[in-house]
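In: Show me the folded form of this:
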Amino acid sequence: MRVSALLLALAAAACTYQRPVQPVIPVDRAAPVWRAVSAGTGAVSGEAELAELALAYPDSASVHLRLLQAYFGAENAAGTVREALWLAVRGYSFGEDARGRILDLAGETATADRLSRLLAQNAVRIEKSVATASVPDDVLLVEGVAVDPLTGGLIVSSVVSRTLASQSAPGVWNTVSPSDAGNLSGMAFDVPRGMFWVASGDLGMMPQGDEPFRGIYGFRQGEPDNPIQIAAPDGVNLSDVTVAADGTVYASDPVGGGIYMLAGGRISEFVAPGTFRSPQGLAISADGRRIYVSDYRYGIAIVDLQTGSVSRLGSARPMILDGIDGIWRVGNSLIAIQNGMMPMRIVEISLSPNGNYATALKVLEQNHSEWSEPLGGSIYGGALYYVSTGQWDKFEAGGTLKDGLSPIPTQVRRLPL
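Out: Residues are numbered from 1 along each chain as shown. The predicted structure follows:
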């Protein structure tokens with residue numbers, strides 16, 4: 001059937017369109033099941049298979065976008081508009097070209113009017129942070145920022161320069177280059193034990209022929225030039241890190257898909273590859289018994305720290321929980337940088353008392369005029385400090401600048417919580 005014929009059917013259906021009733025989700029029950037995902041899951045392309053995947057991951061914009069594309073490719077106007085509305089209700093917007101095509105498919109209907117209003121509303125700028133530091137442009141591809149809890153000083157990690165840069169005074173930065181450093185990314189302080197942990201690996205930005213240290217550097221307080229090195233298992237490239245109350249360090253491998261733990265002086269597998277597609281940020285639960293893991297394509301998982309069992313953070317109302325890079329727990333909420341969303345945003349996700357469900361999502365910042373891409377950060381003094389001018393798009397694989405592009409100073413912003 002041609003799209004023109006489908007438009008007639010869609011217009012007729014829209015005359016009697018009624019918003020679906022959102023079921024009441026009891027949030028005191030067990031968390032939903034997490035279905036294992038892999039690269040093969042990302043290759044699913046049929047309408048029926050994608051619709052089934054959307055049931056398994058009901059808060060994933062990535063899955064619904066794939067379903068929208070499948071409907072559009074099959075000239076299924078009703079399905080395309082239905083998926084666009086699903087996304088728009090949850091805060092998603094589209095680029096100008098895609099928005100125009102979708103609204104053309106919706107025709108002159110009440111559904112089209114509602115969709116148009118939502119898409120415009122979702123693109124509004126929300127700007128509440130302030131610039132707090134500028135990292136020199138020769139510190140290439142800054143990924144993360146940490147705040148020394150003892151001094152309040154900023155430390156940033158560089159993926160391409162493979163250095164750590166610390167701010168000793170406004171505008172004054174000192175760099176440290178750990179031995180054999182790979183692409184440096186996630187960082188975490190362990191104040192009770194006087195340690196500072198930094199992940200190193202190959203995140204696609206290593207020069208050809210260079211073999212990096214893959215694992216975690218441990219810096220003792222006051223000894224920036226003499227870190228210990230704990231190697232990861234073969235082939236593992238660690239990125240985000242967090243520290244539990246007992247000092248165990250947890251780290252994600254966004255390339256291989258596993259979660260790893262550093263305890264007793266060695267790094268071992270905690271959640272096997274094949275469970276997550278691209279695990280990113282990590283946050284320990286309020287009771288210290290579980291860890292939240294943001295899978296960039298499918299949502300937020302919950303892993304029991306004792307048993308290793310994996311479940312999914314459910315949602316009590318419509319929201320999007322994938323596309324999340326860094327996450328941090330503050331009280332009984334998760335603060336998340338959602339740079340896989342359109343528009344990119346920073347959100348606060350309120351949790352149920354048992355921590356199994358997201359009960360509300362509040363946009364803290366969105367579509368900021370000074371962003372290129374918000375990346376990693378850390379919580380300090382009631383605020384999120386984060387990288388606001390990510391520059392992944394300026395570099396080719398191997399860490400070389402793309403033709404005609406130049407690095408810019410990296411801006412660090414402070415967002416009060």
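In: going forward, measure contacts and count neighbours with C-alpha atoms only.
Out: Fine.
In: could you measure the closest residue to Arg277 other than its chain neighbours against Gly281, distance?
Out: Spatial nearest neighbour of Arg277, excluding adjacent residues (Cα to Cα, 6 or more residues apart in numbering): Ser38 at 4.9 Å. Distance, Ser38 to Gly281, using Cα to Cα, to the nearest Å: 18 Å.
In: Compare the two (neighbour count), which wins?
Out: For Ser38 versus Gly281, neighbours defined as other Cα atoms under 10 Å are more numerous around Gly281 (27 against 15).
In: tell me which element Thr111 falls in.
Out: helix 110-122 (DSSP states H and E).
In: helices or strands next to that helix in the packing?
Out: The helices and strands touching helix 110-122, judged by 3 or more Cα pairs under 8 Å, 6 or more residues apart in numbering; DSSP states H and E, are helix 77-89, helix 96-106.
In: now the longest strand along the chain, how far from the centre of its chain.
Out: Looking across the chain with DSSP state E, the single longest strand is strand 357-366. Relative to its chain's centre, strand 357-366 lies at 14 Å (Cα atoms, centre = their mean, to the nearest Å).
In: do stretch 195-206 as well
Out: 17 Å.
In: residues making contact with it?
Out: Residues outside stretch 195-206 that contact it (Cα atoms under 8 Å, 6 or more residues apart in numbering): 159-160, 181-190, 212-221, 236-241, 251, 255, 396-400.
In: Quick one: buried ones out of the residues you listed?
Out: Burial by neighbour count, 16 or more other Cα atoms under 10 Å: within those this picks out 159-160, 181-190, 212-220, 236-241, 251, 255, 398-399.
In: so what's Arg312 bridging to?
Out: Arg312 forms beta bridges with Ala301, as assigned by DSSP bridges.
In: Stretch 375-390: which residues count as buried?
Out: Neighbour-count burial for stretch 375-390 [16+ other Cα under 10 Å]: 375-380, 384-390.
In: from these, which single one is nearest Ile408?
Out: Thr389 (8.5 Å; Cα to Cα).
In: so what pLDDT did the closest residue to that closest one other than its chain neighbours get?
Out: Leaving aside its chain neighbours, Thr389 sits nearest to Ser372 (4.7 Å; criterion: Cα to Cα, 6+ apart). We have a pLDDT of 98 for Ser372.
In: right, and Ser372 touches Gln391 too?
Out: Yes. Look at Ser372 against Gln391 with Cα atoms under 8 Å: they come within range, at 7.3 Å.
In: who has more neighbours, those two?
Out: Higher neighbour count among Ser372 and Gln391: Gln391, with 21 against 18, using other Cα under 10 Å.
In: give the contact list for that one.
Out: Contacts of Gln391 (Cα under 8 Å, 6+ apart): Leu141, Val142, Ser372, Glu373, Pro407.
In: My read is that the last one contacts Lys394, right?
Out: Yes. At 7.3 Å, Pro407 counts as touching Lys394 under the criterion of Cα under 8 Å.
In: Can you give the domain ranges for the protein?
Out: The chain resolves into domains spanning 3-122, 130-177+204-210+219-234+279-416 when parsed by automatic domain parsing.
In: what's the least confident stretch among those domains?
Out: Looking at those, the weakest mean confidence is domain 3-122, a mean of 85.
In: for the closest residue to Ser252 other than its chain neighbours, what are its contacts?
Out: Using Cα to Cα, 6+ apart and skipping the chain neighbours, the partner closest in space to Ser252 is Ile259 (4.6 Å). Ile259 makes contacts with Tyr250, Ala251, Ser252, Asp253, Glu269, Phe270, Val271, Ala272, Pro273, Pro279, as judged by Cα under 8 Å, 6+ apart.
In: In strands only, show me the contacts of stretch 195-206.
Out: Per DSSP E, the subset of the contacts of stretch 195-206 in strands is 183-190, 215-220, 241, 251.
In: wait, which of these is closest to Ile337?
Out: Gly186 (14.1 Å).
In: surely the closest one meets Val243?
Out: No. The pair Gly186 and Val243 fails to qualify as a contact (Cα under 8 Å) at a distance of 11.5 Å.
In: As CSV, the helices and strands packed on helix 110-122 with mean neighbour count and distance to Ala30 would be great.
Out: As requested, these are exported to CSV (neighbours: other Cα atoms under 10 Å; distance: least, Cα to Cα, whole Å):
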stretch, mean neighbour count, distance to Ala30
helix 77-89, 22, 26
helix 96-106, 15, 38
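In: To Arg297, which of those lies closest?
Out: Of those, nearest to Arg297 by Cα to Cα is helix 77-89, at 14.6 Å.
In: now the angle from the closest one to helix 110-122?
Out: 30 degrees (axes from the mean of the first three to the mean of the last three Cα atoms, to 10 degrees).
In: how much does helix 77-89 deviate in direction from helix 96-106?
Out: Using the same axes, to 10 degrees: helix 77-89 against helix 96-106 is 130 degrees.
In: what comes up buried for the strand or helix carrying Leu65?
Out: Taking DSSP H and E as the definition, Leu65 sits inside helix 61-73. Within helix 61-73, the residues scored as buried using 16+ other Cα under 10 Å are Ala61, Ser62, Val63, His64, Leu65, Arg66, Leu67, Leu68, Gln69, Ala70, Tyr71, Phe72.
In: and which of the residues you listed is nearest Ser285?
Out: Closest to Ser285, out of all of the buried residues of helix 61-73 and judged by Cα to Cα, is Ala61, at 24.4 Å.
In: Verify the stated contact: the closest one with Ile320.
Out: Yes. Under the criterion of Cα under 8 Å, Ala61 is in contact with Ile320, at a separation of 6.1 Å.
In: For the residue nearest to Arg277, give me its contacts.
Out: So Ser38 contacts Gly257, Gly274, Thr275, Phe276, Arg277 (Cα under 8 Å, 6+ apart).
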